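*Asks:* Return a 3D structure for these sequence lines:
(chains A and B)
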Amino acid sequence: QSVLTQPPSVSGAPGQRVTISCTGSSSNIGAGYDVHWYQQLPGAAPKLLIYGNTNRPSGVPDRFSGSKSGTSASLAITGLQAEDEADYYCQSYDSSLSGYVFGTGTKVTVL
Amino acid sequence: EVQLVESGGGLVQPGGSLRLSCAASGFPFSSYEMNWVRQAPGKGLEWVSYISTSGSTIYYADSVKGRFTISRDNAKNSLYLQMNSLRAEDTAVYYCARKDSGNWFDPWGQGTLVTVSS
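*Replies:* Now for the predicted structure:
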């Protein structure tokens, strides 16, 4: 079972800004563990999108940005494009589970 | 090019066993911690297991503890997952993923499908 909660879906028109929240607890995000984000295109493996709360790997457009505060984190996509239509997952570490945890996942639809 | 390629998936009956492999290339495999992550059909990602560079430290998700065994062969640049006492709920695509310097996973393999059904 996922211990990080995300909205099931978000949508926006091309060019708009959308945000995805990731809510955790005092044993994961609230304990200071970093949050990372992955993009999973249909039929593909997950791909690292944001690491260490705010950092973009080489090749990831700067339309994608991450933030973290308290027991939550957020992923923002500005200038939404059709190719951004995918599932997005947050991920952190949980000290009470002694393991890694993923968010419930959010499907982004470009209208 | 950094690459991870999983193999060994297939159809197995409940209670059966299967061994997954992950072949690594393009990076010094022995220097990286590794993980298995799975995704049931139409569902989200679930972390399964972690192994340190030497194999001396291992962790499992509660859902697989006592049934799955992670291992690695640094001489062969390979990661393994021995899965025993398989259940229908173990049906999923299994990905191997390299753990980078922080607690993130990059890259991921393409995945191998395990189906547990009679």
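*Asks:* near chain A, which residues of chain B?
*Replies:* Counting by Cβ under 8 Å from any Cβ of the partner chain, chain B comes close to chain A at B:35, B:37, B:44-47, B:50, B:59-62, B:95, B:100, B:102-111. For every residue, glycine as well, the C-beta is placed using N, CA and C.
*Asks:* ok, which stretches of chain B are strands?
*Replies:* B:3-7, B:10-12, B:18-25, B:33-39, B:45-51, B:58-60, B:68-73, B:78-83, B:92-99, B:105-108, B:112-116 (DSSP state E).
*Asks:* of those strands, which approaches residue A:11 most closely?
*Replies:* strand B:45-51 (21.5 Å; Cβ to Cβ).
*Asks:* how close does the closest residue to residue A:29 other than its chain neighbours get to chain B?
*Replies:* Nearest residue to residue A:29, sequence neighbours excluded (Cβ to Cβ, 6 or more residues apart in numbering or on different chains): residue A:71, at 5.1 Å. For residue A:71, the distance to chain B (Cβ to the nearest Cβ, to the nearest Å) stands at 17 Å.
*Asks:* My guess is residue A:71 contacts residue A:33. True?
*Replies:* No: contact criterion Cβ atoms under 8 Å: residue A:71 and residue A:33 do not qualify, at 10.7 Å.
*Asks:* what about those two, which has more around it?
*Replies:* Ranked by neighbour count (other Cβ atoms under 10 Å in any protein chain shown), residue A:71 and residue A:33 place residue A:33 first, with 21 against 16.
*Asks:* and that one, what is it in contact with?
*Replies:* By Cβ atoms under 8 Å, 6 or more residues apart in numbering or on different chains, the contact set of residue A:33 is A:92, A:93, A:94, A:95, B:103.
*Asks:* are any of those residues buried, and which?
*Replies:* A:92, A:93, A:94, B:103 (16 or more other Cβ atoms under 10 Å in any protein chain shown).
*Asks:* closest to residue A:39 among those?
*Replies:* Of all those, residue A:39 sits closest to residue A:92, with 16.7 Å by Cβ to Cβ.
*Asks:* pLDDT at the closest one, what is it?
*Replies:* The per-residue pLDDT reported for residue A:92 equals 97.
*Asks:* Need the three-state assignment for it.
*Replies:* strand (DSSP: H, G, I helix; E, B strand; the rest coil).
*Asks:* okay but it is in contact with residue A:30, surely?
*Replies:* No: contact criterion Cβ under 8 Å: residue A:92 and residue A:30 do not qualify, at 9.8 Å.
*Asks:* what residues are shared contacts of these two?
*Replies:* Going by Cβ under 8 Å, 6+ apart, residues that sit against residue A:92 and also against residue A:30 are residue A:24.
*Asks:* Residues of chain A that sit close to chain B?
*Replies:* Residues of chain A lying close to chain B by Cβ under 8 Å from any Cβ are A:2, A:33-34, A:36, A:38, A:45-48, A:51-52, A:57, A:89, A:91-93, A:97-105.
*Asks:* could you redo the last one with a cut-off of 10 Å?
*Replies:* With the criterion set to Cβ under 10 Å from any Cβ of the partner chain, chain A comes near chain B through A:1-2, A:4, A:6, A:33-38, A:40, A:44-53, A:55, A:57, A:87, A:89, A:91-94, A:97-106.
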